[in-house]
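Colleague: Kindly generate the corresponding structure for this input.
(2 chains)
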Amino acid sequence: MTRQAVAAGVSALALLAGTPALAEIRIGASLAITGPAAFLGDPEAKTLEMLAEELNANGGINGEEVELIVYDDGADPNKARTFATRLIEEDEVVAVIGGSSTGATMAMAPLFADYEIPFISLAGAVVIIDPVQEFVFKTPHTDRMACEKIFADITSRGMSKVGLISGTGGFGASMREQCLDVAEASGVEIVADESYGGSDSDMTPQLTNIASTEGIEAIVNPGFGQGPAVVTRNYAQLGIELPFYQSHGVASDEFIKLAGDAANGLRLPATPLLIPDQLAEDDPQRQPVQDYIAAYEEAYGEKPSTFGGYAYDAFHLLVDAIERAGSTDPVEIRDALEATEGLAGVTGVYSFSPEDHMGLDLSAFRILEIEDGGWKPVEE
Amino acid sequence: MAGQGTTTVPNGAGQTAAAKPRRAARRGIGPGLRTFLIFAVLVGLGALIFPSSYFYRVGTLVWINTLAVTGIVVLLGYVGLVSLGHAGFFAIGAYATAILPNYGIPSPLAMLAGVALAGGLALVVGRPILKLSGYYLAIATLGLGMLIWMVLSKEAWLTGGPDGMVVSGMNARNLFKLVGLKLKSAEAWYWVAGFAAAIGAAIAVNLAGSPTGRALRAIHDSDVAARSLGIDVARAKSLAFVISALYAAVAGALLALANGYITPETGGFMHSVEMVTMAVLGGASSVFGALVGALILTALPQLLTVFADYEHMVLGGIMVLTMTLMRRGLVPFIADLWTRRKS
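Modeller: From the prediction side, this is the model:
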């Protein structure tokens, strides 16, 4: 056993870590750059790196350079918490952006209260900001708001009886719950409620069921990934004429490619990122949206995604707060962040308050209709 | 893996642990106590050199993983059974600790309940699926783990669904306050996790030397031979399965409390694979293998963040090299080298 103990000790000593060098203003991020949530974390990390570089090229914040420290937590809450500890203690950052997923965000959140460091999450769920935690903010709108936006559009078209067909994955299940929850307050009645598995290849039975429900006037599909594309194709194959709504979860050009012509005529709530050239001249989001798309395309040769947009907004909110605070003290940055008023980002126009750490209202969402394989904003 | 394990891996636990009691008895302390002391020294050494809470945090994870992997050592190293579902038991311990306090049950009791539940489930499920061996057993345990994972991610009213849930309740810091010690919570959890791992290792080592342990190791070499010696093979396998599930559940409960938040991924397939990988990498025949495996796979990714792009290549490379050059794992390999140099 002594032999084995010595072997263990030797391996232990071989693994002691070093500490990184110091810089001016350090901002940390823990994102799901690899793993199952990489489609979130990858554009987020690219966006942050691009913005930090751009900022430093333009002289930094209040004349000080910014150092961005990014770790890949692979959406694992366990790793995320370790990296958050590391960012705070070892890297001595003044603020942290991240948590691509809700799990990672919630695992990190308690640390920021302990150490009094401001934290801006890029994950969706309502639990992150309700109840409000003093040091925790977030940039994406919630699925609850998506439901409210969809229902508002439905009622404005003079309809009220809605059928739901939801994916059973995390996104679909959570949004379905929120939709059921806000239906009554939005003046909508859910008359049918079906679901499908994430890898199902045919949803015609569920759709037939919903379409034959008495009095039904519109159908909503909370879901993520390939499921909604299949639902959309089945919808066209069955020749259903009812107004059809998708969620913000599929608001990307890839969805139109997957669903093809079947997607024409459906509506969904989305950020203005999809319609940069169709935004009104006086729209406060026109400038940030066009800037972001141009910069991202130049840096990476591809279109930015909604998720990268969340990181864009988080970074700008933070830089704005540090500038206004005129200090790199984390608590003063937090106070300035909470006082943010009318900052236009690509996701929406942010106004934080002590009661609201997301700072968006329904106007952050635009209802878009797919027309000839492209996006068209619906006049409100 | 299991097929290979039973035929080609010489039973390291057998040699070392069988030789040990005699030698240790001469010196006056039992092998279990010695293991405990060695672990205690390592835990203390860590505390001496750690400069910040971040190191304590990584250290805590190392000890928690060591505890869980010690269970795998009992199952895989002693008996030669592969389980790809142990993250399920880990998650049962974790989720019980998270859920029950919401119903008014204090954390320590919730922990116990979770551990008992995991043990009970292992007992009930163990009998039928342990009739299988090799790949078939691996697949059956894989199924079990996936079932548990599915329940955790679908029953959102209870578990919070795929987004996970907050674990409220006990903080280890308060334990130390009772005896008048003021520690940061990261440090407190480090000591608790280290202590748990040391106890777990001592029990596992004592088990190896006991009549039951000998029976388990006899099964490792041959089911038939063990049966002809009068060993109740089904019962012994079931026992090992339950013990290893208990280890996983305790580790899960500790992780839930230390993190304050859990998601169904704690019970996911990748976590099961990670546990087996740690055991095999370090050397499944010994609790020190569990420690080294847990240490490397927990701490190394932290070191490799500097070259994040190559992290997976380096980890994969280390594993391929270890498995081709040191088939029994790191610790037995280094231990052998040591013996050869001496003689």
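Colleague: Can you get me a residue count around residue 303?
Modeller: Let's take chain A. Using other C-beta atoms under 10 Å in any protein chain shown, residue A:303 is surrounded by 16 other residues. The C-beta positions use only the backbone N, C-alpha and C, and glycine is treated the same way.
Colleague: Please refer instead to chain B.
Modeller: Residue B:303 has 16 nearby residues by other C-beta under 10 Å.
Colleague: Surely it forms part of a strand?
Modeller: No - the assignment for residue B:303 (DSSP: H, G, I helix; E, B strand; the rest coil) gives helix, which keeps it out of a strand.
Colleague: Which pLDDT value does the model give it?
Modeller: On the pLDDT scale, residue B:303 is placed at 86.
Colleague: so where's the chain uncertain?
Modeller: Chain wasn't specified; assuming chain A. Applying pLDDT under 70 to chain A flags residues A:1-23, A:380.
Colleague: actually chain B
Modeller: For chain B, counting by pLDDT under 70, the residues that fall below are B:1-28.
Colleague: Of all residues in the stretch 101-250 of chain B, which one is closest to chain A?
Modeller: residue B:162 (3.5 Å; C-beta to the nearest C-beta).
Colleague: How about the contacts made by that residue?
Modeller: A:103, A:169, A:170, A:173, B:153, B:263, B:264 (C-beta atoms under 8 Å, 6 or more residues apart in numbering or on different chains).
Colleague: Specify the local secondary structure of it.
Modeller: helix.
Colleague: cool, and residue A:68?
Modeller: Secondary structure, three-state DSSP: residue A:68 is strand.
Colleague: Look up the closest residue to it, ignoring the ones flanking it.
Modeller: residue A:52 (4.0 Å; C-beta to C-beta, 6 or more residues apart in numbering or on different chains).
Colleague: Could you report the distance from that neighbour to residue B:117?
Modeller: 48 Å (C-beta to C-beta, to the nearest Å).
Colleague: Give me the more crowded residue out of those two.
Modeller: When residue A:52 and residue B:117 are compared for neighbours, residue A:52 comes out ahead with 21 against 17, by other C-beta under 10 Å.
Colleague: Okay, and that one sits in which element?
Modeller: Using DSSP states H and E, residue A:52 falls within helix A:38-57.
Colleague: Tell me how many other residues crowd residue A:213.
Modeller: 14.
Colleague: pretty sure it is in a helix, no?
Modeller: No - under the criterion used here (three-state DSSP), residue A:213 is coil, not part of a helix.
Colleague: and it, what is it in contact with?
Modeller: Contacts of residue A:213 (C-beta under 8 Å, 6+ apart): A:163, A:191, A:192.
Colleague: State the phi and psi torsions of the residue nearest to the last one when sequence neighbours are not counted.
Modeller: Spatial nearest neighbour of residue A:192, excluding adjacent residues (C-beta to C-beta, 6+ apart): residue A:163 at 3.6 Å. For residue A:163, the backbone dihedrals are phi -110, psi 140 (criterion: degrees, to the nearest 10).
Colleague: Including distance to residue B:213, could the contacts of residue B:162 go into JSON lines?
Modeller: JSON lines is the format used below for the contacts of residue B:162 (distance: C-beta to C-beta, whole Å):
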{"residue": "A:103", "distance to residue B:213": "39"}
{"residue": "A:169", "distance to residue B:213": "45"}
{"residue": "A:170", "distance to residue B:213": "43"}
{"residue": "A:173", "distance to residue B:213": "46"}
{"residue": "B:153", "distance to residue B:213": "37"}
{"residue": "B:263", "distance to residue B:213": "36"}
{"residue": "B:264", "distance to residue B:213": "34"}
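Colleague: Tell me the one of the residues you listed nearest residue A:252?
Modeller: Ranked by distance to residue A:252 (C-beta to C-beta), the contacts of residue B:162 are led by residue A:169 at 16.6 Å.
Colleague: wait, that closest one sits on residue A:198?
Modeller: Yes - counting by C-beta atoms under 8 Å, residue A:169 does reach residue A:198; the two are 4.8 Å apart.
Colleague: between the two, what contacts are shared?
Modeller: With C-beta under 8 Å, 6+ apart, residue A:169 and residue A:198 have common neighbours A:225, A:227.
Colleague: Show me which of the two is the more surrounded one.
Modeller: Set residue A:169 next to residue A:198 and count neighbours by other C-beta under 10 Å: residue A:169 wins out with 21 against 15.
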